[in-house]
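Undergrad: Predicted model, plus sequence, below.
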Amino acid sequence: MFGLAVLVVFGIYLLISILLVRWAMRAARKQGRRAWVWGLVTAFVMYNLVFWDWMPTVVTHQYYCSTEAGFWTYKTVDQWKKENPGVMETLVANKVSIQRVGDDSNHTDTQILNQRFHWLTEKHHITLFLPIYRWKSELVDKDNGGSLAS
């Protein structure tokens with residue numbers, strides 16, 4: 001139902017925008033000005049009333065994804081098995097339990113997978129203007145203190 005309400009509101013907004021663009025073009029013609037310029041400016045203003053943050057968000061997202069995103073494997077499963085012979089067979093999966101330290105914008109979630117492994121997820125708010133967050137996930141062997149992947 002909420003989705004239908006949103007579609008109705010956007011439909012009304014679109015109708016109002018079209019009427020305003022037509023009105024601006026008629027007013028421009030009466031004054032002997034370029035109607036398409038006035039119509040384009042009016043459409044641009046109406047678009048930006050709702051979607052002003054879309055372009056900066058896309059540009060910022062593309063920048064951070066191309067400069068800071070990645071995946072690192074510090075130790076493969078085979079390397080870990082060689083260093084810890086016989087341990088893999090003794091591990092028993094825990095029920096899902098997640099411990100959160102911090103608030104919604106900046107926090108660290110720790111999910112205890114079994115006796116040795118924890119899955120850490122860190123979330124940090126890094127900008128003030130647009131809501132950009134940095135996420136870091138890490139699989140940690142708590143007995144060896146080392147990261148397997150991040």
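TA: Done, it's in.
Undergrad: C-alpha only now, for contacts and for neighbours.
TA: OK.
Undergrad: In this structure Gly133 contacts Asp104, no?
TA: That one is not Gly; residue 133 is Tyr. No: checked against C-alpha atoms under 8 Å, the pair Tyr133 and Asp104 is beyond contact range at 11.0 Å.
Undergrad: Looking at these two, which one has more neighbours?
TA: Shown here are Tyr133 and Asp104; by other C-alpha atoms under 10 Å, Tyr133 has more neighbours (16 against 11).
Undergrad: count of neighbours near the closest residue to the more buried one other than its chain neighbours?
TA: Closest residue to Tyr133 apart from its sequence neighbours, by C-alpha to C-alpha, 6 or more residues apart in numbering: His125 at 4.5 Å. If you count neighbours by other C-alpha under 10 Å, His125 ends up with 15.
Undergrad: got the buried residues for the helix or strand where Leu4 lies?
TA: For Leu4, the element it lies in under DSSP states H and E is helix 2-30. Of all the residues in helix 2-30, those buried under the rule 16 or more other C-alpha atoms under 10 Å are 17-18, 20-28.
Undergrad: So which of the residues you listed is the closest to Asp109?
TA: Closest approach to Asp109 among the buried residues of helix 2-30 (C-alpha to C-alpha): Ser17, at 44.6 Å.
Undergrad: The closest one and Gly3: what is the separation?
TA: 21 Å (C-alpha to C-alpha, to the nearest Å).
Undergrad: got it, and Lys81?
TA: 50 Å.
Undergrad: before we move on, back to that, so which pair among the buried residues of helix 2-30 is furthest apart in space?
TA: Most distant of the buried residues of helix 2-30, by C-alpha to C-alpha, are Ser17 and Ala28, 16.4 Å apart.
Undergrad: Helices of this protein, start to end?
TA: 2-30, 35-51, 54-68, 77-83 (DSSP state H).
Undergrad: rewinding a little: what's the closest of the buried residues of helix 2-30 to Phe10?
TA: Distances from Phe10 to those, taken by C-alpha to C-alpha, are shortest for Ser17, at 10.2 Å.
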